[in-house]
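1. Everything below, folded, please.
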Amino acid sequence: MPWLQEVEGKTPLERVLRTHPALFERFRDFVSLVWSERLVDPIVLETCRIRIAQILGCASELQLRYRPALDAGLTEEKISAIPEYFSSDHFSDHERACISLAEQYTMDAHSISDADFARVAAGWSPCEMMAFLCALAIFDGTSRMRLMLNVDADTGDGLTFVPCPTPDHGPIY
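-> Okay, the predicted model is just below:
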């Protein structure tokens, strides 16, 4: 995008966000909190992020793998099973409920019922539940922004393994 040529940043998405420096800093802080506070299992976060990108057809998000989830044991075999999560033995009942809620959030948030929330919230504190819901908003919004503005992830032809951003360093991929 020609209007981004003058904006500095380490990645295309970072250049978009840096058009408004205060917004960039707050966005990075928000994303950082979702990943770094570890309120939600990083495998749950990453499988939901990937499922949202699959639904929206966001190829650049599908090329990213966040290191916290990989460090926690997420495998490409499990990632490959995400489209069939409901019947795959790679996922626990709680993971299925989380991915299902991520799907509903992405396709029709109004269709989410109290029972859907209850299945995800079982065993979680209100703080953990809110962290999960904020993560869904970030994942959905980031994919949609990439698609709307045609912002690729600077991954080349393969997968890119990235750390979670932190308020003091690290690019936004």
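2. Look up how far residue 51 lies from residue 85.
-> Distance, residue 85 to residue 51, by C-beta to C-beta, to the nearest Å: 7 Å. Using the backbone N, CA and C atoms, a C-beta is placed for each residue, glycine as well.
3. Mutual contacts of these two, please.
-> Counting by C-beta atoms under 8 Å, 6 or more residues apart in numbering, the contacts common to residue 85 and residue 51 are residue 99.
4. Return the set of buried residues in stretch 18-28.
-> 18, 24, 27-28 (16 or more other C-beta atoms under 10 Å).
5. With distance to residue 76, secondary structure and pLDDT as new columns, can those be given to me in CSV?
-> Output for those, formatted as CSV (distance: C-beta to C-beta, whole Å; DSSP: H, G, I helix; E, B strand; the rest coil; pLDDT from 0 to 100):
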residue, distance to residue 76, secondary structure, pLDDT
18, 32, coil, 86
24, 31, helix, 84
27, 28, helix, 87
28, 27, helix, 86
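6. now these as a markdown table including distance to residue 68?
-> Shown next, in a markdown table, are the buried residues of stretch 18-28 (distance: C-beta to C-beta, whole Å):
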| residue | distance to residue 68 |
| --- | --- |
| 18 | 24 |
| 24 | 21 |
| 27 | 18 |
| 28 | 16 |
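7. Give me the neighbour count for residue 73.
-> Residues lying near residue 73 (other C-beta atoms under 10 Å) number 10.
8. quick one: contacts for it?
-> With contact taken as C-beta under 8 Å, 6+ apart, residue 73 is in contact with residue 43.
9. Doesn't it belong to a helix?
-> No: counting by DSSP: H, G, I helix; E, B strand; the rest coil, residue 73 is not found in a helix; it is coil.
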